[in-house]
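Visitor: What follows is a predicted structure for the sequence shown.
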Amino acid sequence: MSYHIHTPRISVTRRGFSIITLCLIGLALFMTAFSCSEQVDLTIEELLEKSHEAYRRLSPFEVNFSTVVEFPGSDPGMRSLRYRLGNGNQIMIEIGTQMRVVTTENKLFIENKSVADRYLEVSYGGNLAKTLASVRGRSILAGIWEPPQAALQKSSSIDALAGALSYSNSMGDLEFVEMARLSDSFYELTFSAANGSCKARFDSFSHLLEEIEYLVRPADAPEDYAMLLKGSYTTTPLASTEGLFSFDPGERAMVKTLRELAAPAPGISQPPESVLSPQDLTVNQITMKELAKALQDKRVLLVGEDHLYNEPPLYLCKLLEEMEERSTSLLLELPNDIQQEIDTYMQEGSESALKAIFSGRQVLQLQSLLRWSFENRHQMREVLAVDEPLYEILLRRSYLEDTRNATMAGAIARTWRKHPNNRLVVYGGQLHMMKAGRYRVDSPSRETAGMRLTRLGIPENQIVSIMLNGDENFHLHSIWGQPGVLPLKDQNFRIPIPYLIDYPIFGGTYADEFFDYFVNLGKLTKVELE
């Protein structure tokens, strides 16, 4: 098949042709002049002055900041933040659906939606990063900083911009290095710090900040370890600022620290003795032998401890001795960057190799559990560190969010698939090892490692969760002081979760929704740290 295309003929007289030619030449000269005027390279001072003027004209405006964060050895993570900027020092930041930060000319206010009776108020001199750093600690605000647009709105100073871009606990002070014209569309400013670098890209027509890129090398990380963040800004004018930059405390009480604004531990409306009797508990207790028998056919044992006591890991060792021998993978809440040292110890079994794992590190003191694993290596086929290193935890909280539970759950699921005949014993903090719920902060990032396992393909009937505690570390101790094992399922009573876990727990009411057994260890002794 063939096609014949008819091309229309255009007839132009000589005079008409001359007019068209002159018009085209004039248009070309105009476009050349316009293009040349736009192509003139600006100095750093001129660019920032134009950006300063642009943001002042734009005010009030909203900025949506979207980031992709890449950590070595893991999938990229994404985060979005929204800022609204008014005149002067007015800034409003929404942190998910939980918290709101509002600044006025001389005050900074923070409200937590889950705390109805309090708000935080501190003095504010216009430096949001500095003010937040004075109150945030290791909270959800760790990844919140002064928007660079706020610095550009107030000033055309390169130092002010560099200060706003040096936003996290993990990034050192930035110094301006150079400016380059990437293309017709962007100017790129490069900054350097002792532990990384930053590139900020400005639109060459609007002079607004459009893109940003960070490379961060934590001080304690291996030499080849670096986090990469790529972010983009979408800026939109606001038609109205009504209600955005005002704060009405109402009847709420003012607090001075973020700790006072944290969601309180769940209140106990009735003391344990008014709900349960000692007989209710003792008549339902089982022995360690009975617990071992009940756990025998389970493939995934989640064992939660109250950190830095000697008795919890020793109890686990005795429990495993009571169980029938089976090829076992032991997964520990230890940073995965010490896996090589753990492997060395499991090969050698020397005290020097064991000391190399723990000396000089802020890690859980699980020496007794590792010694037992080496002595029983005929069944303890592997010992795996499944937590994130401290430098990575801080990085993720600063630039992304808390990802420890996702990291632990992923390691458990991979081991479950890799060794289908192994029993998996996972040992870590109580809050990570619960089979349901969220803790401390009512956020998806705080969904427990245990809760995530069924979504990763592990059948629920193969998972069992055991909590280890003792002394007066749980409220039920007031009527249950003697050691023992308490099954929580299929009882004629249900224990409210605050009686056993003294932290804010969301997503359930009763302990049996979160774990299957609670072990009262009795007297506890603190670990002596090296």
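Guide: Looks like it came in fine.
Visitor: Residue 272 touches residue 493, doesn't it?
Guide: No: between residue 272 and residue 493 there is no contact under C-beta atoms under 8 Å: 11.2 Å. Quick note: C-beta positions are derived from backbone N, CA and C, even for glycine.
Visitor: Compare neighbour counts for the two and give me the winner.
Guide: Comparing residue 272 with residue 493 by other C-beta atoms under 10 Å, the one with more neighbours is residue 272, at 22 against 13.
Visitor: any idea of the pLDDT on that one?
Guide: Residue 272 carries a pLDDT value of 89.
Visitor: Look up phi and psi at it.
Guide: Residue 272 has phi and psi values of phi -50, psi -40 when expressed as degrees, to the nearest 10.
Visitor: Return the distance of it relative to residue 216.
Guide: Applying C-beta to C-beta, to the nearest Å, the value for residue 272 to residue 216 is 48 Å.
Visitor: do residue 347 as well
Guide: Residue 347 is 34 Å from residue 216, by C-beta to C-beta.
Visitor: low-confidence ranges in the stretch 151-300 of the chain?
Guide: Residue ranges of the stretch 151-300 of the chain with pLDDT under 70: 167-169, 264-265.
Visitor: Run through the strands of it in chain order.
Guide: Ranges of strands in the stretch 151-300 of the chain, per DSSP state E, counting those that start in this stretch, are 175-181, 186-193, 196-203, 209-216, 227-237, 253-255, 300-305.
Visitor: now these in JSON lines, with distance to residue 118 and mean neighbour count?
Guide: Shown next, in JSON lines, are the strands of the stretch 151-300 of the chain (distance: least, C-beta to C-beta, whole Å; neighbours: other C-beta atoms under 10 Å):
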{"stretch": "strand 175-181", "distance to residue 118": "40", "mean neighbour count": "14"}
{"stretch": "strand 186-193", "distance to residue 118": "37", "mean neighbour count": "18"}
{"stretch": "strand 196-203", "distance to residue 118": "36", "mean neighbour count": "21"}
{"stretch": "strand 209-216", "distance to residue 118": "34", "mean neighbour count": "20"}
{"stretch": "strand 227-237", "distance to residue 118": "32", "mean neighbour count": "17"}
{"stretch": "strand 253-255", "distance to residue 118": "5", "mean neighbour count": "13"}
{"stretch": "strand 300-305", "distance to residue 118": "30", "mean neighbour count": "26"}
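Visitor: Can I get these in a markdown table including distance to residue 474?
Guide: Shown next, in a markdown table, are the strands of the stretch 151-300 of the chain (distance: least, C-beta to C-beta, whole Å):
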| stretch | distance to residue 474 |
| --- | --- |
| strand 175-181 | 51 |
| strand 186-193 | 45 |
| strand 196-203 | 43 |
| strand 209-216 | 40 |
| strand 227-237 | 38 |
| strand 253-255 | 28 |
| strand 300-305 | 12 |
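Visitor: Select, out of those, the one closest to residue 101.
Guide: Closest approach to residue 101 among these is made by strand 253-255 (14.5 Å; C-beta to C-beta).
Visitor: Pull the residues that contact that closest one.
Guide: Strand 253-255 has contacts (C-beta atoms under 8 Å, 6 or more residues apart in numbering) with 117, 118, 119, 120, 121, 261.
Visitor: so what's residue 44 up against?
Guide: 158, 176, 179, 189.
Visitor: Kindly recompute the last result at 6 Å.
Guide: Residue 44 makes contact with residue 179 under the criterion C-beta atoms under 6 Å, 6 or more residues apart in numbering.
Visitor: where's it relative to residue 208, distance?
Guide: 16 Å.
Visitor: Ok, residue 347 next?
Guide: 58 Å.
Visitor: Contacts only, for residue 493.
Guide: Taking C-beta under 6 Å, 6+ apart, one finds residue 280 in contact with residue 493.
Visitor: what about 7 Å?
Guide: Counting by C-beta atoms under 7 Å, 6 or more residues apart in numbering, residue 493 makes contact with 276, 280.
Visitor: again, but for residue 84
Guide: By C-beta under 7 Å, 6+ apart, the contact set of residue 84 is 60, 62, 92, 238, 244.
Visitor: Ok, residue 520 next?
Guide: 469, 470, 480, 483, 484.
Visitor: Run a quick neighbour tally on the second one.
Guide: When counting by other C-beta under 10 Å, one arrives at 21 neighbours for residue 470.
Visitor: thinking it is in contact with residue 521, fair?
Guide: Yes: between residue 470 and residue 521 there is a contact under C-beta atoms under 7 Å: 3.4 Å.
Visitor: Noted, bye for now.
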